[in-house]
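>>> Sequence first, then the predicted structure:
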Amino acid sequence: MSVTNLKDIGMGRPSRRRLLGIGGSALSLLLAACGGEAAPAAAPAKADPTKAPAAAAPTTAPAPTAAAAAAAPTKAPAPAAATAPVTIEILTRDGVEAPSGHSQFFNNQAKKNFTPDSKITVQFVDAKPNVGEKLFVLAAANTLPDGSWFGVVADGENGREQAQKGIFKPLDDLIKQDSRFEKNIYFKSFMDVLAVAGKQYAVPIHTHYGTNVLYYNKNLTDAAGVKIPDDGSWTIDEFIEIAKKLTKKETDQWGFWPGGTGFSEFGAFWVRQFGGEYFDEEGKKLLFDSAEARAGLEWVHSTVYKHMLIDDINRKIEGAPLGLTGPRGLFAMGKLAMHNTTPGLVAEYKKPGTTEVNFPVGIALFPKGKDGKRGTQASGSGMGLTKVDKQAAVWEWLKFVSNKDNGVEQVFGGAGSPGGRIDVWNDPKLLKERDPIYSAIIKAFPQGAGTLRLPANYKLGQVNTAVNTELKNYFDNKASLADAVSKAIQVGNELLK
């Protein structure tokens with residue numbers, strides 16, 4: 001599977017630096033979990049060289065509030081018409097001509113709805129190998145597009161660094177001058193991630209609460225006589241017992257395959273299930289050597305080697321629908337009862353006429369961890385302004401692509417996770433025609449998604465690669481937890497200096 005075939009968990013495309021440190025099931029699910037694309041695509045072009053990152057302090061993301069729900073408009077306003085036809089260039093995640101994914105959806109929406117109303121034509125540029133690297137190259141050549149995808153934990157992970165370097169331009173004046181734009185309707189935890197040094201550089205185009213969504217094969221659970229609480233009102237101990245009932249080694253049927261083990265997405269979920277953390281709040285030190293974080297990593301390990309819920313964490317999958325691999329591939333083949341990732345796969349499993357699975361899929365919130373804790377981390381992507389020449393036209397596009405209608409319709413249009421707004425996640429059409437998991441997540445986290453902690457020096461990709469390389473030895477059962485964590489902490493903290 002190529003890097004361009006990522007399935008949306010809201011993570012998007014990781015840089016090649018991150019992929020180097022992720023193996024086995026972690027890599028296959030990272031590639032599979034960005035459910036915006038349903039089928040493999042061609043491999044990306046070779047990357048151009050990029051600039052080295054510069055250090056600066058991050059903005060940590062405070063928890064969102066629910067107050068914005070009341071401010072939701074019932075219908076998104078039409079974009080303001082330009083006085084004369086205008087064409088803007090937008091750098092986006094690779095996949096404009098793909099059969100599914102965020103970029104193909106935005107391209108279709110621009111042609112169908114945005115341009116006719118606004119007289120603004122949007123020319124999309126596929127970012128290869130990823131947005132972060134491509135944008136650095138364009139900036140160095142003084143050929144920036146008018147606007148661009150803003151990567152956070154995927155798509156090059158460089159959005160905040162690029163804002164600090166001046167590649168992205170602040171949106172604050174545009175926001176203040178536009179009485180129709182309601183900033184408070186967006187998830188505050190993620191809006192804050194898209195801000196640097198107190199200035200807003202992007203608006204959310206899709207968001208989620210982390211890899212805490214459990215997908216299960218209803219045929220297998222019904223046959224075993226087990227009931228999965230879709231609202232997550234059960235414990236991980238109960239989960240293990242049910243997964244054991246769903247495991248039938250003699251017929252190659254397995255109860256659970258962890259969606260992934262690597263930081264920052266899956267790893268952060270597992271350690272937060274037990275009260276641990278990946279980074280400290282300042283982004284200057286790694287914390288997953290705490291007793292709580294180690295317990296989370298140990299629990300994941302136990303699902304494979306103690307409870308034997310899957311035969312091989314690095315199992316190679318062949319013959320799955322659409323060429324899928326990893327947990328998603330085995331699940332599609334009907335041989336895996338449960339796997340976890342973000343809500344991005346709701347769009348694939350619940351769409352009419354899906355060819356990925358031929359059985360009913362249940363969708364639930366992952367069970368509670370130790371002491372009733374639930375792992376969560378705000379994540380997603382944004383879009384921002386990179387040239388001021390046509391900033392009025394770009395601003396109309398940014399409002400359009402982040403409005404409620406698109407936030408809902410992108411789930412129906414093959415773009416994975418919903419938009420980053422409370423009114424989107426509580427939308428009746430979305431809940432009725434796709435799944436009520438979205439409102440269940442909102443209810444389970446009344447204070448909003450967990451904060452997204454990022455390195456102060458912007459070296460997220462390098463830290464993840466180094467940490468995941470060491471921890472993989474533990475998840476492959478080739479090193480003890482103590483040794484793997486000790487080495488991972490050492491190499492990771494060295495990169496944070």
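Sure, I can see it.
>>> Next secondary structure after the helix or strand hosting Val408?
Using DSSP states H and E, Val408 sits within helix 404-412. From helix 404-412 onward toward the C-terminus, using DSSP H and E, the following helix or strand is helix 422-425.
>>> Export that next one to CSV, keeping only CA atoms.
This file holds the C-alpha atoms of helix 422-425, laid out as CSV (Å, rounded to 0.1, in the frame of the first residue of the first chain):
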residue,chain,number,x,y,z
ILE,A,422,-20.4,21.1,17.3
ASP,A,423,-23.5,21.7,15.1
VAL,A,424,-22.0,19.2,12.6
TRP,A,425,-21.4,16.4,15.1
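>>> how much space is there between Ser480 and Trp270?
Taking Cβ to Cβ, to the nearest Å as the measure, Ser480 falls 18 Å from Trp270. C-beta: built from backbone N, CA, C; applies to glycine.
>>> go on, Gln377?
Per Cβ to Cβ, Gln377 is found 11 Å from Trp270.
>>> Tell me if I'm right that Thr386 and Phe168 touch.
Yes: Thr386 is within contact range of Phe168, at 5.9 Å (criterion: Cβ atoms under 8 Å).
>>> More neighbours: which of those two?
Phe168 (29 against 26; other Cβ atoms under 10 Å).
>>> Please, which helix or strand holds the nearest residue to Ala466 once chain neighbours are set aside?
Take Ala466 and drop its neighbours on the chain: the residue closest to it by Cβ to Cβ, 6 or more residues apart in numbering is Val491, 4.4 Å away. Here Val491, judged by DSSP H and E, is contained in helix 481-496.
>>> chain center to that helix: distance?
25 Å (Cα atoms, centre = their mean, to the nearest Å).
>>> isn't there a strand covering Glu241?
No: Glu241 is assigned helix when assessed by DSSP: H, G, I helix; E, B strand; the rest coil, not a strand.
>>> quick one: pLDDT of it?
Note for Glu241: predicted pLDDT of 98.
>>> cool, the one 10 residues further on as well?
Among the per-residue scores, Thr251 shows a pLDDT of 98.
>>> Report all helices and strands that the helix or strand encompassing Asn107 contacts.
Element membership for Asn107 (DSSP H and E) is helix 102-109. Packing partners of helix 102-109 (3 or more Cβ pairs under 8 Å, 6 or more residues apart in numbering; DSSP states H and E): strand 86-93, strand 120-127, strand 203-208, helix 391-401, helix 404-412.
>>> So what touches the last one?
If you take Cβ atoms under 8 Å, 6 or more residues apart in numbering as the criterion, helix 404-412 is touched by 72-73, 75-76, 102, 105, 109, 185, 206, 346-347, 351, 400, 416-421, 423-424, 427, 429-430, 433-434.
>>> Show me which positions of stretch 221-229 end up buried.
Neighbour-count burial for stretch 221-229 flags 221, 224, 226, 228 (criterion: 16 or more other Cβ atoms under 10 Å).
>>> correct me, but Phe136 touches Asn158?
Yes: judged on Cβ under 8 Å, Phe136 makes contact with Asn158 at a distance of 6.9 Å.
>>> coming back round to it: the residue nearest to Ala466 and Lys497: what is the separation?
11 Å.
>>> Tell me which of these two has more neighbours.
Comparing Val491 with Lys497 by neighbour count (other Cβ under 10 Å), the higher total belongs to Val491, at 16 against 9.
>>> Report the contact partners of the more buried one.
Contacts of Val491 by Cβ under 8 Å, 6+ apart are 466-467, 470.
>>> By neighbours, which of those residues wins?
Result: Val467 is most packed of these (other Cβ under 10 Å), 27 neighbours.
>>> Only C-alpha atoms, please: export the host helix or strand of that one in PDB.
Using DSSP H and E, Val467 falls within helix 460-475. Output of helix 460-475 as PDB, limited to C-alpha atoms (Å, rounded to 0.1, in the frame of the first residue of the first chain):
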ATOM      1  CA  LEU A 460       7.000  15.900  16.000                       C
ATOM      2  CA  GLY A 461       7.800  13.600  13.100                       C
ATOM      3  CA  GLN A 462      11.300  13.100  14.200                       C
ATOM      4  CA  VAL A 463      10.300  12.400  17.800                       C
ATOM      5  CA  ASN A 464       7.500  10.000  16.800                       C
ATOM      6  CA  THR A 465       9.900   8.100  14.500                       C
ATOM      7  CA  ALA A 466      12.500   7.700  17.200                       C
ATOM      8  CA  VAL A 467      10.100   6.700  19.900                       C
ATOM      9  CA  ASN A 468       8.100   4.300  17.800                       C
ATOM     10  CA  THR A 469      11.200   2.600  16.500                       C
ATOM     11  CA  GLU A 470      12.200   1.700  20.100                       C
ATOM     12  CA  LEU A 471       8.700   0.800  21.300                       C
ATOM     13  CA  LYS A 472       8.200  -1.500  18.300                       C
ATOM     14  CA  ASN A 473      10.700  -3.900  19.900                       C
ATOM     15  CA  TYR A 474       8.300  -4.200  22.800                       C
ATOM     16  CA  PHE A 475       5.200  -4.600  20.700                       C
END
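>>> roughly how far apart are the residue nearest to Ala466 and Glu470?
For Val491, the distance to Glu470 - Cβ to Cβ - is 6 Å.
>>> Since that was my last question, I'll sign off now.
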